[in-house]
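**Student:** Have a look at this prediction, sequence included:
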Amino acid sequence: MRGADEITLRKLEIFLAFMREQNLARAAETLGVSSVSVHKAIHSLEAAVGAPLFAHRGRTLRPLASAEVLARHGQDIIDGIQRSVDATRQAAGIAPRTFRIGSLYSLTISLVPRIITAVQAALPGCDIELVLGSNATLEDQLAAGEIDAALICTHELARSHARAVVDLFEDEIYLVTPAERGAARRDTAKRAPVDLADYREAPFVVLSQEFSSGRDSYRMFQTAGITPRVALRANDIFSLSGLVRGNVGYALLPGRIAELYPGALAFQRVRRAQAVSQHVGLCHLASRAEDESIGALIAAAREIVAPMVDSDGRLAIETKPV
């Protein structure tokens, strides 16, 4: 493909801007070009692809299914090019233009926003992208260089010379119920630990085993020798917490979830033989150890976490129900 009918990155960028905005004028404004330039680029791209992308309705362009497909693949191409540029800059000892931080969803309640704010203060002008996912997904993305660092559970993480791990805190898994179902004693953390075997008939809401908290919960059930009576399954920890709050069932959740609905959930420790604690840490490629952005992230994470843990590195949570 040559001349006007070739596919270029610029044409793809203009096309993707239009697909996001669904309006020539708005797409032109975001790109700093004229509406005519956007229209010409889209028409040229359509000719290069050799297939119709839009239905013309007067001056309006309505995307066809083919345009949706090109948009998905086109974004992958743009992202891939950016990752290649970042990797090239990294090999030359230059920090990537965009600092991509991966995180578990459960850490975004308050911890991650505070860490990102601290990194931005330490590195003015740093372009930070937050990528959310499960532990396994983030681990794969880190290995592939798709993210620069990850805040994840490290207790299941296979050790690797290519990856560095900075331990941050230990988080206990609790039996969680709506606050009104908690015992009369105000501080549930000081109650005698419960035996999960006593809850074999109780309804539970459970998390997919794709997630560390889901796998850890099932390990606890197995240790207690019970098969939970599943009232409902959830695909994310926020929905699951809401279901507990709504009296759908009990759950086994890490203590950091207490910040999601302060005072609305009661957290009860599980007997030691059945208990599981998650170790949360910051991971990055060992080759990035001297990177300024990695250093700023580690410093910020340690500073934010320090007041939240006890002398043993365990996360301290407020468990008093209303």
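**Tutor:** Done, it's in.

**Student:** the strands in the chain, which residues?
**Tutor:** Using DSSP state E, the strands assigned to the chain run over residues 54-57, 60-63, 98-103, 127-132, 149-153, 163-178, 203-207, 229-234, 251-254, 265-268, 277-285.

**Student:** contacting residues around the first one?
**Tutor:** Yep, that's strand 54-57 we're talking about. With C-beta atoms under 8 Å, 6 or more residues apart in numbering as the test, strand 54-57 has contacts from 42, 46, 61, 62, 63, 64, 67. Where C-beta positions appear, they are placed from N, C-alpha and C, glycine not excepted.

**Student:** Filter these down to just the buried residues.
**Tutor:** 42, 46, 61, 63, 67 (16 or more other C-beta atoms under 10 Å).

**Student:** biggest separation within the residues you listed, which pair?
**Tutor:** Spatial extent of the buried ones among the contacts of strand 54-57 (C-beta to C-beta) is set by the pair 46 and 63 at 11.2 Å.

**Student:** Pull up the overlap in contacts between the two.
**Tutor:** 53, 54.

**Student:** in stretch 216-232, what's buried?
**Tutor:** Neighbour-count burial for stretch 216-232 [16+ other C-beta under 10 Å]: 216, 217, 218, 220, 221, 223, 224, 226, 228.

**Student:** same for the longest helix anywhere in the chain, what does it pack against?
**Tutor:** Across the chain, the longest stretch assigned as helix under DSSP state H is helix 65-91. Counting contacts by 3 or more C-beta pairs under 8 Å, 6 or more residues apart in numbering; DSSP states H and E, helix 65-91 packs against helix 9-21.

**Student:** Buried residues of the helix it packs on, list them for me.
**Tutor:** Buried residues in helix 9-21 (16+ other C-beta under 10 Å): 11, 12, 14, 15, 16, 17, 18, 19, 21.

**Student:** out of those, who's nearest residue 111?
**Tutor:** For the buried residues of helix 9-21, the nearest to residue 111 is residue 16 (32.6 Å; C-beta to C-beta).

**Student:** Was I right to think that closest one contacts residue 72?
**Tutor:** No. Using C-beta atoms under 8 Å, residue 16 and residue 72 do not qualify as a contacting pair, with a distance of 10.1 Å.

**Student:** rewinding a little: show me the two of the buried residues of stretch 216-232 that sit farthest apart.
**Tutor:** Across those (C-beta to C-beta), the longest gap, 15.3 Å, separates 216 and 226.

**Student:** Look up phi and psi at residue 312.
**Tutor:** Phi and psi for residue 312, reported as degrees, to the nearest 10, are phi -100, psi 10.

**Student:** Give me the neighbour count for it.
**Tutor:** 7 (other C-beta atoms under 10 Å).

**Student:** Same question for residue 76.
**Tutor:** Neighbour tally, residue 76, other C-beta under 10 Å: 10.

**Student:** Residue 213 touches residue 254, doesn't it?
**Tutor:** Yes. Counting by C-beta under 8 Å, residue 254 is a contact partner of residue 213 at 6.0 Å.

**Student:** Identify the contacts common to these two.
**Tutor:** Common neighbours of residue 213 and residue 254 (C-beta under 8 Å, 6+ apart) are 106, 173, 278.

**Student:** circling back to that earlier point, please name whichever of the strands of the chain is nearest to residue 297.
**Tutor:** strand 149-153 (5.6 Å).

**Student:** quick one on the thing from earlier: so which of the buried residues of helix 9-21 comes closest to residue 141?
**Tutor:** residue 16 (21.7 Å).

**Student:** what's the closest non-adjacent residue to that closest one?
**Tutor:** Of all residues not flanking residue 16 in the chain, residue 74 sits nearest, at 5.6 Å (C-beta to C-beta, 6 or more residues apart in numbering).

**Student:** Now do the same contact list for the one you found.
**Tutor:** Counted by C-beta under 8 Å, 6+ apart, residue 74 has contacts 12, 15, 16.

**Student:** Could you report the pLDDT at the second one?
**Tutor:** So the one you mean is residue 15. Residue 15 carries a pLDDT value of 90.

**Student:** correct me, but it touches residue 73?
**Tutor:** No. The pair residue 15 and residue 73 does not pass the contact test of C-beta under 8 Å, sitting 11.2 Å apart.

**Student:** Would you mind writing the CA trace of stretch 278-289 as CSV?
**Tutor:** Taking C-alpha atoms only, stretch 278-289 is exported to CSV below (Å, rounded to 0.1, in the frame of the first residue of the first chain):
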residue,chain,number,x,y,z
GLN,A,278,-2.5,-12.5,52.5
HIS,A,279,0.8,-10.9,52.0
VAL,A,280,0.5,-7.8,49.9
GLY,A,281,3.5,-6.3,48.2
LEU,A,282,4.9,-4.3,45.3
CYS,A,283,6.5,-6.2,42.4
HIS,A,284,8.6,-4.9,39.6
LEU,A,285,11.1,-6.3,37.1
ALA,A,286,14.6,-6.6,38.7
SER,A,287,16.1,-4.8,35.7
ARG,A,288,14.1,-1.7,36.7
ALA,A,289,15.6,-1.5,40.2
